[in-house]
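J.: kindly return the folded structure for what I paste below:
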Amino acid sequence: MSSLKANLHNSDTYINRELSLLEFHKRVLAQAADVDHPLLERLNFLKIFSSNLDEFFEIRVAGLMKQLDLKMLTTAPDSIPNEIILQEISDKAHRAVETQYDILNQQILPQLQQHGIRFIQYHDILERHKDWIKNYFSKQIQPVVTPISLDPAHPFPRLVNKSLNFIVSLEGKDAFGRHIDLAIVPAPRSLPRVVRLPDELCPTGEQHYILLSAMIQYHVNDLFPGMTATGCYQFRVTRNADLTLNADVDDLAVALKDELSSRRFGRAVRLEVDENCPEKLNHYLLQQFNLSEQELYRIQGPVNLTRLPSSFDIEALRFKPFQPVMPKVLRQQDLMFEVLKREDVLLHHPFDSFQPVVNLLREAAKDPHVLAIKQTLYRSGPDSEIVQALIEAARNGKEVTAVIELRARFDEESNIIVANLLQEAGAVVVYGIVGYKTHAKMILIVRREGENLRRYVHLGTGNYHAGNAKMYTDYGLFTTHDEIAEDVHKIFQELTGMGRMAKLKKLLHAPFTLHDQLLKYIQYETQAALAGEKAHIIIKVNALTEPELISALYTASQAGVKVDLIIRSICCLRPQVKGLSENITVRSIVGRYLEHTRVYYFYHQGEEKLYCASADWMARNLFSRVESCFPIENKKLKKQIIEDGLFNYLKDNKRAWQLDEHDQWTLLEPQENQDVFIAQQYLLDQKLKKVK
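T.: The predicted structure is shown next:
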């Protein structure tokens, strides 16, 4: 074993978290350029990248800028000063945005036109469009638009986060004889950003859409009677959207509502402007938002690509449709309760249907023998079948307890609505623990069977959200195992009763036992390798940032442990460094579905310890959240997860990116005489075979 000791406060051993996250967003962007994907799916990837980048600036960049404003020194383990990280982010993000619009303008839009789909921008307006646009503008847009002149009586307005706006340069006098040089035109959020043109204005069989920005720019003079608009340029400001709550609030829901209003007007962190906007106006806008040239992004198209429609009914331009499969054991007419009495059931979404989770709650809501239902909710909208089943159960007299995490980022308002609906139905609603987000995914149903009570449990790696279950890969386990059910019961008691830390028999849970036990498992493999025995660790998570775990993995690698990491997004560990991490490989799978499973595998001298969890290997998950980590002990289910959820992904040679010691991600390609293997496609094909 090498004597090299990893100093984690060093960029040689710890990759910067923000830069690693930005690299993931670039891997998503690469999907938009991948000609192997259908055209409309490429447009979707472009929109996902745009949405991801928005959140990256709203949260991650905003946090760095806040630290810089407060003159705080970096506390990141890489020890790189914040101003250097911000500069590198700016350089990389500018190049990525340039690539994004190049893909849009040079590839996707021209190819969509070949299929009869066209987006009309300002420079695309034709003579035959003008009368319709004029009529639409006068009747639908002008009545709700409020132009704001900029003068001593009208200072620069407060503009909402990510809203579409226009800066207009003017000549002439207004109705009061004043010379007004500039005005701001906010685009009302109530107006659609894209409008379909009537079929009679389009060639036969084609669909043409005009951007709201194009119509406002074309008729901007109508907003300033008697004056002349000499220029009209779209822009959008991105603001700090992170929320800060004090630990001593009296009512979390009320405090959160107050904080949400401030999200719309947080500190500006990025300015996007039309590429044709004159430098003088760019400089003026930067001054208004207290930003520098580093935060200015010149845009060659719509400033918010997420608002572009992509749900066109052209099957050839989409992924081949796939209907999630109902596991064979659940295709019978038996009630879920009868099946689960006989055996544990594993679901692998989106390949397996999410419907069994809904069915179990629906049955529980109606079943006269069910006494109580307890569930955690992290991201579930008010229209969710899950929420409706809980409401029905409460109205039917069941003891329903919902632990709702109000602070699930960007779902806060929706979760407040869900909480109110459940309370009105008679459910007990708990908001978790201030200072600790409840991120565990658990359902506990208590049912009277004869003289006894039986507990039915569902544990998952993903949210109770049917939409997510069609797009995210996740595992869900149904079981009636007594010790697991008792552990879940104790965690719910922790969340609602605020008693002492529960002593669990099977589950690991954060912020209490999970981190320590993971270190012990890594150390066990390390000792096995030092003794000359086989040692292997496979970890599949969304992100790896926690310094102690990274240090332990470095030590394991130096001892000779084979470490395979499948990390979707952020990875701060530096693999393949001689003397430090030669036995560690890191790969990221980016494809049709968002990889979201959290699976931990330790060879453990042939015993093969296998866990699924709600937690990533990040400090926030391990120390600041309530997380559940559950063992897979059924031999059949364990084999299924190891083969399908781990080794399957280690074989991918088409959608896998590999990280090297220089922080560079490289897309793998099949070797000569090697067949193409795509992990997600393999799982789709396997499910279809089982159905047939």
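J.: so which residues of the stretch 251-400 of the chain form helices?
T.: When assigned using DSSP state H, counting those that start in this stretch, the helices of the stretch 251-400 of the chain occupy the ranges 252-263, 279-288, 336-342, 355-366, 385-395.
J.: measure how buried the closest residue to A365 other than its chain neighbours is and give me the count.
T.: Using Cβ to Cβ, 6 or more residues apart in numbering and skipping residues adjacent in sequence, the residue nearest A365 is A393, 3.7 Å away. Bear in mind the C-beta positions are built from the backbone N, C-alpha and C, glycine included. Other residues near A393 number 27, with proximity taken as other Cβ atoms under 10 Å.
J.: go on, K280?
T.: Burial measure for K280: 8 neighbouring residues, criterion other Cβ under 10 Å.
J.: how close does it sit to G231?
T.: 10 Å (Cβ to Cβ, to the nearest Å).
J.: quick one: which of the helices of the stretch 251-400 of the chain is nearest G497?
T.: Distances from G497 to each of the helices of the stretch 251-400 of the chain were compared using Cβ to Cβ; the shortest belongs to helix 252-263, at 17.2 Å.
J.: the strands in the stretch 51-200 of the chain, which residues?
T.: For the stretch 51-200 of the chain, strands defined by DSSP state E, counting those that start in this stretch occupy the ranges 117-120, 148-149, 165-171, 182-186, 194-196.
J.: where among those is the average confidence lowest?
T.: Comparing mean pLDDT over the strands of the stretch 51-200 of the chain, the weakest stretch is strand 148-149, at a mean of 91.
J.: roughly how far out does it sit from the chain middle?
T.: For strand 148-149, the separation from the chain centroid amounts to 37 Å (computed by Cα atoms, centre = their mean, to the nearest Å).
J.: just stretch 556-571 next, same as before
T.: Here stretch 556-571 shows a centroid-to-chain-centroid distance of 23 Å under the convention Cα atoms, centre = their mean.
J.: can you give me the end-to-end span of stretch 553-573?
T.: Chord length of stretch 553-573, first to last residue, is 9 Å (Cα to Cα, to the nearest Å).
J.: so for the helix ranked longest in the chain, mean pLDDT?
T.: In the chain, ranked by residue count with DSSP state H as the criterion, the top helix is helix 82-103. The average pLDDT within helix 82-103 is 97.
J.: ok, and for it, which residues are buried?
T.: Judged by neighbour count using 16 or more other Cβ atoms under 10 Å, the buried positions of helix 82-103 are N82, I85, L86, I89, S90, A93, A96, V97, T99, Q100, Y101, I103.
J.: other SSEs contacting it?
T.: Contact here means 3 or more Cβ pairs under 8 Å, 6 or more residues apart in numbering; DSSP states H and E; on that basis helix 82-103 packs against helix 17-33, helix 39-55, helix 62-69, strand 296-299.
J.: contacts for that helix next, please.
T.: Identification of contacts with helix 82-103 by Cβ atoms under 8 Å, 6 or more residues apart in numbering yields 16, 18-19, 22, 25-26, 29, 32-33, 42, 46, 49-50, 53, 61, 64-65, 67-68, 72, 74, 294-295, 297, 299-301, 305.
J.: now with 7 Å, please.
T.: 16, 18-19, 22, 26, 29, 32-33, 46, 49, 61, 64-65, 67-68, 74, 294, 297, 299-301 (Cβ atoms under 7 Å, 6 or more residues apart in numbering).
J.: related to what we said a few turns ago, turn the buried residues of helix 82-103 into CSV, including distance to I537.
T.: CSV is the format used below for the buried residues of helix 82-103 (distance: Cβ to Cβ, whole Å):
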residue, distance to I537
N82, 33
I85, 30
L86, 35
I89, 31
S90, 36
A93, 34
A96, 33
V97, 38
T99, 35
Q100, 36
Y101, 41
I103, 38
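J.: out of these, which comes closest to G532?
T.: Sorting the buried residues of helix 82-103 by how near they are to G532, with Cβ to Cβ, puts I85 at the top with 42.6 Å.
J.: before we move on, the earlier item: out of the buried residues of helix 82-103, which is nearest to Q680?
T.: Closest approach between these and Q680, by Cβ to Cβ: I103, at 22.3 Å.
J.: for Y601, phi and psi?
T.: Per-residue torsions, Y601: phi -120, psi 130 (degrees, to the nearest 10).
J.: neighbours of it, how many?
T.: Per other Cβ under 10 Å, the neighbour tally for Y601 reads 23.
J.: quick one: it and L646 touch, right?
T.: Yes - in terms of Cβ atoms under 7 Å, Y601 counts as a neighbour of L646; the distance is 5.9 Å.
J.: joint contacts of the two?
T.: With Cβ under 7 Å, 6+ apart, Y601 and L646 have common neighbours I538.
J.: quick one on the thing from earlier: JSON lines for the strands of the stretch 51-200 of the chain, including distance to V430 and mean neighbour count?
T.: Shown next, in JSON lines, are these (distance: least, Cβ to Cβ, whole Å; neighbours: other Cβ atoms under 10 Å):
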{"stretch": "strand 117-120", "distance to V430": "47", "mean neighbour count": "21"}
{"stretch": "strand 148-149", "distance to V430": "45", "mean neighbour count": "17"}
{"stretch": "strand 165-171", "distance to V430": "41", "mean neighbour count": "21"}
{"stretch": "strand 182-186", "distance to V430": "40", "mean neighbour count": "19"}
{"stretch": "strand 194-196", "distance to V430": "42", "mean neighbour count": "16"}
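J.: those: which one's closest to K139?
T.: For those, proximity to K139 was assessed by Cβ to Cβ; strand 194-196 is nearest, at 12.1 Å.
J.: the closest one pairs with which strands?
T.: According to DSSP bridges, strand 194-196 forms sheet pairs with strand 207-211 (antiparallel).
J.: and the strand it pairs with, average pLDDT?
T.: Strand 207-211 shows a mean pLDDT of 95 in the predicted model.
J.: what packs against the helix or strand following that strand?
T.: Sequence-wise, the next helix or strand downstream of strand 207-211 (DSSP states H and E) is helix 212-218. Other elements packing on helix 212-218 under the criterion 3 or more Cβ pairs under 7 Å, 6 or more residues apart in numbering; DSSP states H and E are helix 130-136.
J.: kindly export the helix it packs on (C-alpha atoms) in CSV.
T.: Coordinates of the C-alpha atoms in helix 130-136 are reproduced here as CSV (Å, rounded to 0.1, in the frame of the first residue of the first chain):
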residue,chain,number,x,y,z
LYS,A,130,-48.3,40.7,-41.0
ASP,A,131,-52.1,41.1,-40.9
TRP,A,132,-52.6,38.2,-38.6
ILE,A,133,-49.8,39.4,-36.3
LYS,A,134,-51.1,42.9,-36.2
ASN,A,135,-54.6,41.7,-35.2
TYR,A,136,-53.2,39.3,-32.6
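J.: name the surrounding residues that touch it.
T.: The set of residues external to helix 130-136 that reach it, using Cβ under 7 Å, 6+ apart, is I125, V195, L197, P198, L201, I210, M215, Y218, H219.
J.: so which bits of it are buried?
T.: Under the neighbour-count criterion of 16+ other Cβ under 10 Å, helix 130-136 has W132, I133, Y136 buried.
J.: next SSE after the helix or strand encompassing N415?
T.: Using DSSP H and E, the secondary-structure element containing N415 is helix 412-425. Read in the C-terminal direction, the helix or strand following helix 412-425 is strand 428-430, with elements assigned using DSSP H and E.
J.: buried set for that following strand?
T.: Result for strand 428-430 [16+ other Cβ under 10 Å]: buried residues V429, V430.
J.: now it: mean pLDDT?
T.: For strand 428-430, the mean confidence score works out to 91.
J.: report the contact partners of the residue nearest to Q332 when sequence neighbours are not counted.
T.: For Q332, ignoring the flanking residues on the chain, the nearest one in space by Cβ to Cβ, 6+ apart is V339 at 7.5 Å. Counting by Cβ under 7 Å, 6+ apart, V339 touches V329, L330, V345.
J.: cool, and E608?
T.: Residues counted as contacts of E608 (Cβ under 7 Å, 6+ apart) are K638.
J.: and it, how close does it get to G497?
T.: When distances are taken as Cβ to Cβ, E608 and G497 turn out to be 35 Å apart.
J.: before we move on, what about E41?
T.: Plainly put, E41 is 47 Å away from G497 if you go by Cβ to Cβ.
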